[in-house]
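Asker: Need the 3D shape of this:
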Amino acid sequence: MIGKLNHVAIAVPDITKSSKTYEVMFKAEVSEIIEQHEHGVKIVFITLPNTKIELISPLDKNSPISNFLQRNPNGGIHHLCYEVESIDLAIQNLSGKGFKILGSGKPKLGGHGKPVIFLHPSDFNGTLIELQQE
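Answerer: Below you'll find the model as predicted:
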């Protein structure tokens with residue numbers, strides 16, 4: 001069911017500063033800042049030859065990333081995103097096996113404009129997992 005690694009998400013306190021670091025230090029291709037109001041975050045994607053890095057920062061104090069940054073003020077790895085062929089089939093298979101899907105259990109549109117869900121870290125060795133439809 002699991003496909004390729006789509007991105008590694010890193011929570012950052014200052015998305016503009018962090019983006020510039022990747023641009024200047026690594027000469028990386030960095031997207032414009034994307035605001036995702038449904039998720040309460042702003043993101044940028046850094047394109048690498050084999051995957052992407054997603055820098056993620058809170059839109060406001062109610063963002064779920066705000067809690068993460070309170071515990072990790074310098075930021076850190078927030079989640080891994082894997083691709084799946086069918087998000088609906090993934091939901092059916094995982095929930096049928098007792099895995100916890102966060103939120104309403106229904107997909108939302110992610111940063112790439114494709115349906116995503118998040119899986120509870122307790123089911124994956126403490127790692128938050130995002131699944132994105134290919």
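Asker: Distance of residue 60 relative to residue 128?
Answerer: Residue 60 sits 20 Å away from residue 128, going by CB to CB, to the nearest Å. Glycine gets a C-beta too; all of them are placed from N, C-alpha and C.
Asker: Compare those two and say which is more crowded by neighbours.
Answerer: Neighbour count, other CB atoms under 10 Å: between residue 60 and residue 128, residue 128 has more, with 19 against 9.
Asker: I'd say residue 127 and residue 118 touch.
Answerer: No - taking contacts as CB atoms under 8 Å, residue 127 lies outside contact range of residue 118: 11.0 Å.
Asker: Can you work out which residues contact both of those two?
Answerer: residue 79 (CB atoms under 8 Å, 6 or more residues apart in numbering).
Asker: quick one, which of the two is more surrounded?
Answerer: Taking neighbours as other CB under 10 Å, residue 127 and residue 118 compare with residue 118 leading, 20 against 13.
Asker: got the contact list for the more buried one?
Answerer: Residues near residue 118 by CB under 8 Å, 6+ apart: 79, 101-103, 128-131.
Asker: Filter these down to just the buried residues.
Answerer: 79, 101, 128-131 (16 or more other CB atoms under 10 Å).
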